[in-house]
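Asks: after the sequence you'll find the predicted model.
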Amino acid sequence: TDGPIRSTPAIAADGTILVSSQDGSLHAVDPAGGAERWHFATSGLDRAGPVVDGNGVIYQGTSDGTIHALSPAGVEHWRFATMDAIQSAGVIRENVLYLGSHDRRLYAIDLGDNP
């Protein structure tokens with residue numbers, strides 16, 4: 001990437017390695033040869049690691065407080081704004097995404113029937 005990586009990667013069901021970089025992008029890397037499959041320019045520096053749900057949807061938090069929901073192909077489905085930076089990976093339990101923010105809040109986002 002064009003910036004340091006300061007987060008843990010995630011691995012999609014098909015083996016794709018997902019890593020956020022401080023270059024302001026989420027990168028999808030082919031595990032077989034290391035080639036980049038795609039990248040998504042986020043809205044801020046990324047220190048939070050991505051998290052993947054059971055449907056393959058990827059969630060990425062950024063330093064400007066935005067949570068991006070992406071398809072397995074890197075296409076944005078939706079975004080959600082918190083009030084400050086997100087610098088750690090979230091977790092998903094029972095179709096709810098939990099993410100902490102520097103605004104001193106824990107966000108619980110019901111993923112419902114989101115693709």
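Replies: Nice, I can see it.

Asks: using the three-state scheme, assign Ile5.
Replies: coil (DSSP: H, G, I helix; E, B strand; the rest coil).

Asks: is it in contact with Ser21, as I believe?
Replies: Yes. If you go by C-beta atoms under 8 Å, Ile5 and Ser21 touch, sitting 5.3 Å apart. Yep, even glycine has a C-beta here, placed from its N, CA and C like the rest.

Asks: looking at the two, which has the bigger crowd around it?
Replies: The neighbour count for Ile5 versus Ser21, taken as other C-beta atoms under 10 Å, is higher for Ser21 (20 against 16).

Asks: that one and Pro4 touch, don't they?
Replies: Yes. Here Ser21 reaches Pro4: they are 7.1 Å apart, a contact under C-beta under 8 Å.

Asks: where along the chain do the helices fall?
Replies: Remark: no helices are assigned in the chain by DSSP state H.

Asks: just want the most central residue of it.
Replies: Nearest to the geometric centre of the chain sits Gln60, at 1.9 Å (C-alpha atoms, centre = their mean).

Asks: residues contacting that residue?
Replies: Ser20, Leu26, Phe40, Thr42, Asp46, Ala48, Pro50, Ile67, His68, Leu70 (C-beta atoms under 8 Å, 6 or more residues apart in numbering).

Asks: ok, what's across the strand from the last one?
Replies: For Leu70, the beta-bridge assignment (DSSP bridges) gives partners Ile58, Glu76.

Asks: OK, contacts around the nearest residue to Leu97 once chain neighbours are set aside?
Replies: Closest residue in space to Leu97, ignoring its immediate chain neighbours: Ile109 at 4.5 Å, by C-beta to C-beta, 6 or more residues apart in numbering. The contact partners of Ile109, by C-beta under 8 Å, 6+ apart, come to Ile67, Phe80, Val96, Leu97, Tyr98, Leu99.
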